[in-house]
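In: with the sequence up front, the predicted model follows.
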Amino acid sequence: MGIKYTKNFLDKLENIFAASEYILRYEKGNFKSGYCILKENKVVIINKYYTLEGKINTLIDIIKELEFNSKNFKEKKLQDLITELQQTELKL
């Protein structure tokens, strides 16, 4: 899957979190990895000063780390996107 670094693609990734039980927030902070996951509270915090590319790469990493199951989502488009993202390998 080719990753598109656009606002539209960022919106699609944010929709995955909106449809999940996790809350996605953009805030300032000194996160060593650029983000923080509070698994008990189901909150994901991303450095709000990241570039568009940084936010997209970070969200993809988080989606892989949280191992979202595409079957838990109602929308077919989200299911397909999650499946593709889990098979995507970022080349930095």
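Out: Sure, I can see it.

In: check contacts around the closest residue in space to residue 75 that isn't next to it in sequence.
Out: Distance criterion CB to CB, 6 or more residues apart in numbering; nearest residue to residue 75, sequence neighbours excluded, is residue 19 at 6.8 Å. In short, each C-beta sits where N, CA and C put it, glycine included. Applying CB atoms under 8 Å, 6 or more residues apart in numbering to residue 19 gives the contacts 73, 74, 75, 78.

In: repeat for residue 45
Out: With CB under 8 Å, 6+ apart, residue 45 has these contacts: 25, 26, 27, 29, 31, 35, 36, 37, 38.

In: let's see it at 7 Å
Out: Residues in contact with residue 45, defined by CB atoms under 7 Å, 6 or more residues apart in numbering, are 25, 27, 29, 35, 36.

In: can you tell me the number of residues neighbouring residue 56?
Out: 21 (other CB atoms under 10 Å).

In: ignore what I typed, I meant residue 40.
Out: 6.

In: any idea how far residue 22 is from it?
Out: Distance of residue 40 to residue 22, given as CB to CB, to the nearest Å: 12 Å.

In: could you do residue 75 as well?
Out: 16 Å.

In: re the thing from before, and the residue nearest to residue 75, how far from residue 84?
Out: Distance from residue 19 to residue 84, by CB to CB: 16 Å.

In: residues contacting residue 64?
Out: 85, 86.

In: element containing it, please.
Out: helix 52-66 (DSSP states H and E).

In: where along the chain do the helices fall?
Out: 7-19, 52-66, 76-87 (DSSP state H).

In: give me the below-cutoff pLDDT ranges for the protein.
Out: Residues of the chain meeting the criterion pLDDT under 70: 1-2, 31, 89-92.

In: residue 24 and residue 17 touch, don't they?
Out: Yes - between residue 24 and residue 17 there is a contact under CB atoms under 7 Å: 3.9 Å.
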